[in-house]
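Enquirer: here's my sequence, what's the structure:
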Amino acid sequence: MNPVVYGASWCPDVKRSRALLDSAGVEYDYVDVEADPEAEKLVRALQDGARRIPTIVFADGSHLVEPSDEELSARL
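Expert: Next up, the predicted model:
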């Protein structure tokens, strides 16, 4: 199962995380939380009501919220 990146097209942090994943050759699924109300609910549930993006959920159920490039690279 691919990681899932929850984000929005206007967010620079989402663009940065997606660029890092792309450059590392990591396949992932992208879900726009502004276009998908259920995805936004999931993100808020993971963050006790907050909606910080990107939220990246991995196959094992773990997740990162607004990771730095270093944090995301270490998780890969």
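
Enquirer: ok, and for the longest helix seen in the chain, which residues are buried?
Expert: Taking DSSP state H as the criterion, the chain has its longest helix at helix 12-23. By neighbour count with 16 or more other C-beta atoms under 10 Å, helix 12-23 contains the buried residues V14, S17, R18, L20, L21. (Glycine included, C-beta is placed from N, CA and C.)

Enquirer: the second one is in contact with S68, isn't it?
Expert: Yep, that's S17 we're talking about. No: with contact defined as C-beta atoms under 8 Å, S17 does not reach S68; the gap is 9.3 Å.

Enquirer: hmm, V14 is touching P54, no?
Expert: Yes: the pair V14 / P54 is scored as a contact, 4.5 Å apart, by C-beta under 8 Å.

Enquirer: common neighbours of the two, please.
Expert: Common neighbours of V14 and P54, counting by C-beta atoms under 8 Å, 6 or more residues apart in numbering, are V5, G7.

Enquirer: can you pull the contacts of H63?
Expert: H63 touches L46, T55, I56, V57, counting by C-beta under 8 Å, 6+ apart.

Enquirer: typo on my end, Y28
Expert: The contact partners of Y28, taken as C-beta under 8 Å, 6+ apart, are N2, P3, V4, V5, R18, L21, I56.
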